[in-house]
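Enquirer: Whatever this is, show me its structure:
(chains A and B)
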Amino acid sequence: MPSSISNSEFENQYQTLDSGSELKVRGKTFLAGLLMFVVVTGLYSYLTRFAPINDRALALIQQLPNVASAYPEHKKVMVFGTSMVQAGFEPYQFDTYFEQRDMDVVSYNYGVGNLNPEFQQYLTAHIRREMQAADASLDLVLLEFNPFQTTKAREVIGAYTRDQNEAELRTVRELWETTLEDPDRGIRLFNIRYLRNGLSAELLTSALFLLNAGLPEVNDAYREASLNRSEMASAFFESAPMARNFFGAVWHEDLRGGRIDKRVLPDEALDALQLWADSFRNETLMEFDLQRRVVQGDILELDFADHLVKAFINMVRDLDAVSDNMEVILLPRNTDWVDYTPEVQARLDALMQRITDETGVAVRNFQTHPEIGPEMFVDTTHLSFANGIDTFTRVLAESYEPVLR
Amino acid sequence: MLFNTPLFFLFFTCFFTLYSFVFLKRYPRLLLILVGSLIFYAGWNFRFIPLLVFSGVIDYFVALGIQNAVNQKRKKLYLAVSIATNLGILAIFKYSDFAMQSVVDLVSLFGYEMNWTVLNYVLPVGISFYTFQSMSYTIDVYRGEMQARKGLLTFISALAFFPQLVAGPILRARHILPQLELMPSPTWLGAKHGALLFTIGLFKKTLADLLAANVSYAYDGAGVSMLEAWTGVLAFAAQIYGDFSGYTDMAIGTGMILGFKIPLNFRLPYFATSPVDFWRRWHISLSSWLRDYLYISLGGNRNNHRYRNIMITMLLGGLWHGAAWTFVVWGFFHGLIIVATHYLAALKPIIKFSRSEFIGARLLKWAMTFYLVLIGWVFFRAQDFGDATSMLMSMHGLTDFAGASQAGLAFGLTVLALAVMHVFDWVILKFSSGIEKRVWLFWPLIFIFQFVCFMFGAPSDAFIYFQF
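Expert: So this is what the prediction gives:
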C-alpha cells in the first residue's frame, strides 16, 4: 500500500531538483526538438516553394491601392467574379470600345478561379477597405454570380481550402483578431501563411489524393482526345513570347487583370491560339469536364448552400458600398452541355430574386444571350480565349454603355 | 488545445523551456504545471476551469475527511459527498437533456405530452475523465488502499496535469501523485521513447483524420453498397482507434518527455481473441476503472450475480461514452457478448476451443471477436437506430445500393491504414528500446513520420473522444 507523503515530509519545498545531468538531458531534448522543427518546416518550405497558391488573388489585392488612385479622370469599371470572368472579360477591349466613342473608361478584370463566395468575401472586403481608405469609388461594378460555385457540393470541396484561403487572403490584422478570439485557429492560420508557403496540410492532401475523387476515370478516349494539346500550347507560346500573362497570375498594368492583348500577337500565334482553343472542344473532353463539374459543383441540379449564398450577399454589400452603380451578372452558359430543368431554373430565379430583395442590387442574366453560342466556349463553362472573350466583352460594353455615359 | 495543432507546439515549447530551465525547484514547478494545465484547458474554454477546480477541491477535502473520520458511517457520508458531487456534475452537464428527453419520449408513448426546454449545456471537455479520476482517489482512500495526501496544489495539479486532462488515460491518484511529489528526472532514453510515442501517436491521428471521409460517406450518405458499408465500418474502427490511441500515445509521450510515466491505455485491441480480451486491451484505464470501482463494488465474481454485474458495468460504460441510447445499446451489446463468452467458455464442448493456442483456432477466435467489435461500432457511430439498422443491412448484403467506381480502392486503403496502425503499434510494443538505441534508425524514423504528419491532414482534426 502506498504511503502517505505530506508536504511536511519534504525538507525544503524550494530545493533545487535538477542535477547537472538532468539539465543536460533536458537541453538535449530541447535542441533535438528544435532541430526537428527546423528540418521539417524547412524541407516542407523548400519543397512547396513554387506552390501556386492564390497567386492571382494576391496580385489583385496588391494592386488595389493602384486601382483606387490611378486614372482619376476615367470612369472605373470592375468586373469581379470567378475563373469565368477571368476567362471571359478582356479589359483592354472593353476600354477600347469606349475610347472609340470618346469616353474615358478604364476597366479591371477581378476574376479569380477556385474561390467560392466564402473566400471571395475576403477579396471584396479588401476592395471595400482599400477604396474607403483612399476615399475613392468605382463607377461601375459587375459582380458575377456563379451558380455552381454556390452549391453544397462546392461547399464540401471548400472545406479543404478554407484554412489556406483564410490564411492567405485575410489581412494580418484580421488574423490577429482571429487569434485573440480563437488562439488555436489563429496560430494555425499564421502557421499556414508563414511556415507553409500558404499551403495547408489538408489542401496538399486533397490535391494529391482527392482531386479525382468521384470523377470518371481517365480512359484511352480521353488520352487520345488530349493528344497534341501540349504541343499546340507550346506552339502558341513559342510564337507569342509576350503572352506571359496568359494564366493571369502576374499583374500587368496594360492588361489590368486581363489575359492577353491580341493586338500584339503575330498571325501565327493567333492561329496557334485558335487551334489550341478548338482542341478543347471535343465530345470526350466536354463530357469529362461536365462530369467533373457535376461532381465538384453540382452544375446541373444546383442544390444551393445557404452559407455560400449569404456569403455572396455580403460580397454584394461590400462592393455596393464602394461603387456608384452595381449589378450582379450571370455569365453566358454553354447551353449545349449545361441545360437546366424548369425546377432548377425556378430555383435559380428565386435565388436571384432573393439577392435583389436583400441588397437592392439588380441582377442581369447573360446565361442565354443570343450573341453567345456554344461554339464560343472552351469547355462546358468558360468562354473561349480565341473568340468567346471578345464577343462577351463587347456585349458587356454595349449593355453598360448607357450606365457609363 | 489539441496535441496535433501548432498552438500546442507553441504552448509545449514555452512550457518545456520554463519547466526545464527556469523553474528548477519543486514548488514553482508544481505551480507551473497547474497554471500551464489550466492554460491548456482554457485553450478550449476557460469558463469551465472553476468546475474542474471545484471537483478537485471537494475530493481533496473529502479524502482528508474520510481519513480523519471517527467511524465508518462518517466515512460513508464523506464518500457519498464525493460521488454525489462528481456524478452530479456529470448528470447536469452531460446527461440532463438526455434523461429528460427520454422521459418526454417515454411519456409520449402513452399519449401524454410533456414540455421540456432543452438546456443545451456545453459539455465541458474532459469532464468524464477528470471526474472519474478524482472520484477514484476518494474511493481508494475510503477503501484504505491509499492515504489522503496533504497538499492541495499537488492534488489539483495532478487532476489538471495537461497531458492526460482532456481525454485520459484516466490516471489513478496513486499513480500520479507520487510522481508530482518527487518530480522525476527524465532520462535521455525516456525522452526519446516519449518522442517516438508522440510521433507515432501523431501519425495514427493523421491517418484517422484522413479516414474520416470514408466514414462519413458510409454513415451520412443516402445508402451504400455492401463493400462501401464494410469500408465505412472498418474505416470507423480504424478512425476511432487511430484517434483515441493516437491521442493517448501523444499524452504518454508528452509525459515521458517531461519525465512522467503515464500507463499504457491500448494494447493492440483489434488483435483480441475474445470480447473479454478486447476490454483488456481497449481503453485500459477506463475498463480497469469500471472493473475496480463499479464491477467489484457490485460484487464482481463473488456473488451469484456475475452476469448481472457485467451487464450493469457495460451498460454504464456505454453511457459514459455519450448521452444517447445508441451508446447504451453499444454498452449493452458488449455486456451481452462478454456474458456469452463467459457462458460459452464454461461449456464442456467449447472449453477446448476457447483455450486452444492452435493458429487456426486463434484466427477463428480473432475473426469472430473482430466481427463482433465492428458490429458494436455500428451502434457507436450511427446517429440513430435507423442508421445503424440500415448500415447493418448493407454490411450483410440485404440492400441493393450500387457502389461508386472507386469503392474497391477506398476499401483497400482503409484496410491498409488499419494494418499500418497496428504494425507500428506492434513494432513499438516489441522493439521500441531497440529502435531508440540505434541513432541511425531512430532519428530518420522520427523525421519521416513528423514530416508526413506536417504535410498531410484533413479539414477536421478534432478528437472524437473529446465529446465524451
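Enquirer: Where does the prediction get shaky in the chain?
Expert: In the absence of a named chain, this looks at chain A. Scanning chain A for pLDDT under 70 picks out A:1-19, A:52, A:209-217, A:244, A:248.
Enquirer: look at chain B instead
Expert: Using pLDDT under 70, chain B drops low at B:116, B:118-122, B:221-222, B:303, B:401-405, B:460-468.
Enquirer: Check it for me, the residue farthest from its geometric middle.
Expert: Centroid-distance maximum for chain B: residue B:111 at 39.8 Å, with C-alpha atoms, centre = their mean.
Enquirer: got a list of what it touches?
Expert: By C-beta atoms under 8 Å, 6 or more residues apart in numbering or on different chains, residue B:111 lies in contact with nothing. C-beta coordinates here come from the backbone N, C-alpha and C atoms, glycine included.
Enquirer: Check the secondary structure at it for me.
Expert: Secondary structure for residue B:111, judged by DSSP: H, G, I helix; E, B strand; the rest coil, is coil.
Enquirer: Ramachandran angles for it?
Expert: Here is the backbone geometry of residue B:111 (degrees, to the nearest 10): phi 90, psi 10.
Enquirer: Next one: it from residue A:31, what distance?
Expert: Distance, residue B:111 to residue A:31, using C-beta to C-beta, to the nearest Å: 72 Å.
Enquirer: so who does residue A:163 touch?
Expert: A:188, A:189, A:192, A:200, A:202, A:203, B:459.
Enquirer: thought the second one was touching residue A:178?
Expert: To tie it back to what came earlier, the one meant is residue A:189. Yes - contact criterion C-beta atoms under 8 Å: residue A:189 and residue A:178 qualify, at 6.3 Å.
Enquirer: Do a quick rundown of the strands in the stretch 201-350 of chain A.
Expert: A:323-330 (DSSP state E, counting those that start in this stretch).
Enquirer: Nearest spatial neighbour of the residue in it positioned nearest to chain B, chain-adjacent residues omitted?
Expert: Closest residue of the stretch 201-350 of chain A to chain B, C-beta to the nearest C-beta: residue A:201 (3.3 Å). Sequence neighbours aside, residue B:457 is the residue nearest to residue A:201 in space, at 3.3 Å (criterion: C-beta to C-beta, 6 or more residues apart in numbering or on different chains).
Enquirer: Helix, strand, or coil at that neighbour?
Expert: Residue B:457 is classified as coil under three-state DSSP.
Enquirer: Over to stretch A:374-386 now: how far is its first residue from its last?
Expert: Start-to-end span of stretch A:374-386 (C-alpha to C-alpha, to the nearest Å) is 13 Å.
Enquirer: Now do the buried residues in that stretch.
Expert: A:374, A:376, A:377, A:378, A:379, A:380, A:381, A:382, A:383, A:384, A:385, A:386 (16 or more other C-beta atoms under 10 Å in any protein chain shown).
Enquirer: What of stretch B:384-392?
Expert: For stretch B:384-392, using 16+ other C-beta under 10 Å, the buried residues are B:387, B:388, B:390, B:391, B:392.
Enquirer: contacting residues around the helix or strand hosting the third one?
Expert: It refers to residue B:390. Assigned by DSSP states H and E, residue B:390 belongs to helix B:385-395. Helix B:385-395 is contacted by residues B:218-219, B:223-226, B:228-230, B:232-233, B:325-326, B:329, B:375, B:378-379, B:382, B:399, B:401 when judged by C-beta under 8 Å, 6+ apart.
Enquirer: Over to stretch B:246-256?
Expert: With contact meaning C-beta under 8 Å, 6+ apart, stretch B:246-256 is reached by B:3-4, B:12, B:161-164, B:167-169, B:186, B:190-191, B:193-205, B:207-208, B:261-266, B:463, B:465.
Enquirer: Helix, strand, or coil at residue A:34?
Expert: Counting by three-state DSSP, the backbone at residue A:34 sits in helix.
Enquirer: I'd like the distance between it and chain B.
Expert: 8 Å (C-beta to the nearest C-beta, to the nearest Å).
Enquirer: Could you report the neighbour count for residue A:357?
Expert: Neighbourhood size, residue A:357 [other C-beta atoms under 10 Å in any protein chain shown]: 9.
Enquirer: What count of nearby residues applies to the residue in the stretch 351-468 of chain B positioned nearest to chain A?
Expert: Residue nearest to chain A within the stretch 351-468 of chain B (C-beta to the nearest C-beta): residue B:457, separated by 3.3 Å. Residue B:457: 22 surrounding residues under other C-beta under 10 Å.
Enquirer: thinking it is in contact with residue B:205, fair?
Expert: No - Residue B:457 is beyond contact range of residue B:205, at 9.6 Å (criterion: C-beta under 8 Å).
Enquirer: any chance of the buried residues of stretch B:384-392 in JSON lines, plus distance to residue B:89?
Expert: Shown next, in JSON lines, are these (distance: C-beta to C-beta, whole Å):
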{"residue": "B:387", "distance to residue B:89": "31"}
{"residue": "B:388", "distance to residue B:89": "30"}
{"residue": "B:390", "distance to residue B:89": "36"}
{"residue": "B:391", "distance to residue B:89": "34"}
{"residue": "B:392", "distance to residue B:89": "35"}
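Enquirer: Please name the nearest non-neighbouring residue to the residue nearest the centre of chain B.
Expert: Chain B has residue B:283 as the residue nearest its centroid, 5.0 Å off, counting by C-alpha atoms, centre = their mean. Of all residues not flanking residue B:283 in the chain, residue B:265 sits nearest, at 6.2 Å (C-beta to C-beta, 6+ apart).
Enquirer: Just list the residues touching the one you found, thanks.
Expert: Here residue B:265 is in contact with B:168, B:169, B:245, B:248, B:252, B:283, B:284, B:285 (C-beta under 8 Å, 6+ apart).
Enquirer: Then residue B:300?
Expert: Counting by C-beta under 8 Å, 6+ apart, residue B:300 touches B:306, B:309.
Enquirer: What separation do you get for it and chain A?
Expert: For residue B:300, the distance to chain A - C-beta to the nearest C-beta - is 20 Å.
Enquirer: that's a helix at that residue, yeah?
Expert: No - under three-state DSSP, residue B:300 sits outside any helix and is assigned coil.
Enquirer: Report how many residues lie close to residue B:296.
Expert: Neighbours of residue B:296 using other C-beta under 10 Å come to 15.
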